[in-house]
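K.L.:
What would the 3D arrangement of this be:
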Amino acid sequence: MVLRPIGHVSTSDRTEVDDRFEWGEVAAVIRLDGAQFTPDAISGLEAFSHLEVVFHFDQVPVEKIETGHRHPRNNPALPLTGIFAQRGKNRPNRIGVSRCRLVKTDGLEIHVLGLDAVEGTPVVDIKPYLREFGPIGETRQPAWADDLMQGYY
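P.N.:
Just a heads-up that it's a prediction; the model follows:
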């Protein structure tokens, strides 16, 4: 499988990877690759309020990838949890998925708020968020996840 970035994240607000950030009002621009796309690729996108962005955690060194369990955010006060039962960046394929607010589009630039990706992050895909793709029924998560996510957005 070969994935080619469709663009990159540009943000002066976040240049280093740090799990302690609050991301809700962080402004970013996704700059699409002009060699692959024209502005036609995002025509109609502004009709949506939110996006799902798939990106590559390229700043995670290969030797830091987790394949078993660990304490979320390496906090020993949290339970040992399998890498697929948390959203940590040290994933086997280093793929991140984030939902963010769409502010505007301008040519090949997509302006967003709340994208939890740092400066230069390669973007693999962008999709408009549709309510119908959200969870069906009530969701549940452990209390440690509630605590961990306080103040994240």
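K.L.:
tell me the centre residue of the chain?
P.N.:
With distances taken as C-alpha atoms, centre = their mean, the residue of the chain nearest its centroid is Ser98 (3.2 Å).
K.L.:
Report the separation between it and Asp116.
P.N.:
Ser98 sits 5 Å away from Asp116, going by C-beta to C-beta, to the nearest Å. (C-beta placed from N, C-alpha, C; glycine too.)
K.L.:
cool, and Val123?
P.N.:
13 Å.
K.L.:
More neighbours: the two, which one.
P.N.:
Each of Val123 and Asp116 has its neighbours counted (other C-beta atoms under 10 Å); Asp116 has more, 25 against 22.
K.L.:
quick one: secondary structure of that one?
P.N.:
Counting by DSSP: H, G, I helix; E, B strand; the rest coil, the backbone at Asp116 sits in coil.
K.L.:
on that earlier part again, hang on, the residue nearest to the centre of the chain is in a strand, isn't it?
P.N.:
Yes - with three-state DSSP as the criterion, Ser98 is assigned to a strand.
K.L.:
ok, now how distant is it from Val124?
P.N.:
12 Å.
K.L.:
so what sits against both of those two?
P.N.:
Residues touching both Ser98 and Val124 (C-beta atoms under 8 Å, 6 or more residues apart in numbering) are Phe55.
K.L.:
wait, is Val124 part of a strand?
P.N.:
Yes - using three-state DSSP, the assignment for Val124 is a strand.
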